[in-house]
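Novice: predicted model follows, preceded by the sequence.
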Number of protein chains: 2
Amino acid sequence: MPHFSQKDINDMQHLYKINLINSCSGYKSANLIGTKSQFGHSNVAIFSSVTHIGSSPALLGFFLRPTSINRNTYDNIKETGYYTINHVHESILNDAHHTSAKYDKTISEFDFTSLEEEYKADYLVPFVKEAPLQLAMKYVEEYHIKANDTILLIGEIKDLYIKENLIDDDGFVNLSKANVASINGLDGYSIPKLKTRLEYQKPKI
Amino acid sequence: MPHFSQKDINDMQHLYKINLINSCSGYKSANLIGTKSQFGHSNVAIFSSVTHIGSSPALLGFFLRPTSINRNTYDNIKETGYYTINHVHESILNDAHHTSAKYDKTISEFDFTSLEEEYKADYLVPFVKEAPLQLAMKYVEEYHIKANDTILLIGEIKDLYIKENLIDDDGFVNLSKANVASINGLDGYSIPKLKTRLEYQKPKI
């Protein structure tokens, strides 16, 4: 089996390395995070690191690099305390991916894509109208990851909006019915189809 | 659009809630984490929370609940400092899922599945032989997540083993060539097919 040591990885050309290592965790989620600055500027950016942390309370986390393009997202969440998480589906792939471009904080990515901002209840932060699953999130806490100077930001689900017919009788959300995307590496997209659901497992002894 | 408030979620029947909330982050990675106790007992368990944290250095994180079934994984990593991350592919789905059963720490899941343990280089921790991508990981640090008493455990990639022909010229790993699985919710599995790779995006202004 071909093999790379830690030294091989460290010595790789930058683009080769980030393509390789970004694929090493396996398939990733594809989410648009919507925020608003304290001055009312909307922002929407794609993230592939949104991760389930717990169901009671319902918590999700994601990682961001304070010095990166996603600084706008972080700053806005710190300013308002709220954000939205919106699932990317097949028909908005290209626009969703375009939100990775480095726009200035005063520029809304909604103005340079066909993504439409939507407002619900009393939330000041924008949802992505086209998303089949939309979450209103409230900031809970953050952890500074010393190993590489990134931030894990954790929020709680305040409201969950989901298109009709995606939830099975037992609460399972069939993401493939909604043609939700999954990310491979930095720029690969799949629209997975559900193959099977497996039963709760008990020891064989 | 159907809607659930935070109160609705908190009031849900347990199984309905965990099915629903576990689907809310989107598609998840499917990884088998291999460990060994200080007394030499092998352990392998499926995780869906392995997340890319950074490429330079190459870091991955995952979440675990100290009181859960995965306590064995955590204890073993703390005892030896090492673990492996192995990608789940189509032909080992059922066995991979079975490792979620609650076996005692002295029992090896390798003995109750057809998964085969493999040893490489000087590592004492078991790799999963059938996995198309195998990572030797060294413990780096952990964070106690106060919001729900879970742990984020971060490790660095020490060695990366990958089957032939999965890496494109630019370092991109085509997971769909290897029939790697993705997880939807607690128990839904997909074998995604790569739809497209999109270009690096620059602002349109």
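Specialist: Arrived safely. Computed from a prediction, not measured in an experiment: that's the story for all the values here.

Novice: give the bridge partners for the most centrally placed residue in chain A, please.
Specialist: Closest to where the C-alpha atoms of chain A average out (CA atoms, centre = their mean) is A:Asn31, at 3.2 Å. Judged by DSSP bridges, the bridge partners of A:Asn31 are A:Phe47, A:His87.

Novice: cool, the one 4 residues further on as well?
Specialist: Bridge pairing for A:Thr35 (DSSP bridges) gives the partners A:Asn43.

Novice: so how far is A:Asn174 from it?
Specialist: 28 Å (CB to CB, to the nearest Å). From N, CA and C alone the C-beta is placed, and that goes for glycine too.

Novice: how about A:Tyr83?
Specialist: Taking CB to CB, one finds A:Tyr83 at 25 Å from A:Asn174.

Novice: these two: which is more packed in?
Specialist: A direct count of neighbours by other CB atoms under 10 Å in any protein chain shown for A:Tyr83 and A:Asn174 places A:Tyr83 higher, at 25 against 17.

Novice: can I assume the more buried one is in contact with A:Asn31?
Specialist: No - using CB atoms under 8 Å, A:Tyr83 is not in contact with A:Asn31; the gap is 10.6 Å.

Novice: mutual contacts of these two, please.
Specialist: Listed as contacting both A:Tyr83 and A:Asn31 by CB atoms under 8 Å, 6 or more residues apart in numbering or on different chains is no residue at all.

Novice: all helices for chain A, in order.
Specialist: Assigned by DSSP state H, chain A shows helices spanning A:6-11, A:14-23, A:71-80, A:93-98.

Novice: A:Ile162 is nearest to which of these?
Specialist: Closest approach to A:Ile162 among the helices of chain A (CB to CB): helix A:93-98, 18.2 Å.

Novice: in contact with A:Glu10, which residues?
Specialist: Quick fix: residue A:10 is Asn, not Glu. B:Ser56, B:Pro57.

Novice: how many other residues sit next to A:Lys193?
Specialist: Neighbour tally, A:Lys193, other CB under 10 Å: 13.

Novice: ramachandran coordinates for it?
Specialist: phi -110, psi 130 (degrees, to the nearest 10).

Novice: ok, for it, nearest residue in space, not its chain neighbours?
Specialist: A:Ser176 (4.8 Å; CB to CB, 6 or more residues apart in numbering or on different chains).

Novice: what sits against that neighbour?
Specialist: Applying CB under 8 Å, 6+ apart, the residues contacting A:Ser176 are A:Ile191, A:Pro192, A:Lys193, A:Leu194, B:Asn184, B:Ser190.

Novice: which of those residues lies closest to B:Pro66?
Specialist: B:Asn184 (25.8 Å).

Novice: quick check: the closest one vs A:Leu133, distance?
Specialist: From B:Asn184 to A:Leu133 the distance is 12 Å (CB to CB).

Novice: so who does the closest residue to A:Ile157 other than its chain neighbours touch?
Specialist: Take A:Ile157 and drop its neighbours on the chain: the residue closest to it by CB to CB, 6+ apart is A:Ala58, 4.1 Å away. Applying CB under 8 Å, 6+ apart, we find A:Ala58 in contact with A:Glu156, A:Ile157, B:Gln6, B:Ile9, B:Lys17, B:Ile21, B:Cys24.

Novice: who does A:Ala58 bridge with?
Specialist: Bridge pairing for A:Ala58 - DSSP bridges - gives A:Ser55.

Novice: what helices and strands are in contact with the helix or strand of chain A with the lowest mean pLDDT?
Specialist: Least confident helix or strand, chain A: helix A:71-80 with a mean of 94, by mean pLDDT, DSSP states H and E. Applying 3 or more CB pairs under 8 Å, 6 or more residues apart in numbering or on different chains; DSSP states H and E, one finds that helix A:71-80 makes contact with strand A:31-36, strand A:42-47, strand A:58-64, strand A:82-87, strand A:150-162.

Novice: compute the inter-axis angle for the second one and strand A:31-36.
Specialist: For strand A:42-47 and strand A:31-36, the angle between their directions (axes from the mean of the first three to the mean of the last three CA atoms, to 10 degrees) works out to 160 degrees.

Novice: for strand A:42-47, which outside residues touch it?
Specialist: So strand A:42-47 is contacted by A:29-37, A:62, A:64, A:69-70, A:72-73, A:76, A:88, A:96-97, A:99-100, A:105, A:108-110, A:115, A:117, A:126, A:128 (CB under 8 Å, 6+ apart).

Novice: so among these, which ones count as buried?
Specialist: By neighbour count, with 16 or more other CB atoms under 10 Å in any protein chain shown, the contacts of strand A:42-47 hold A:29-37, A:62, A:64, A:70, A:72-73, A:76, A:88, A:96-97, A:99-100, A:108-110, A:115, A:117, A:126, A:128 as buried.
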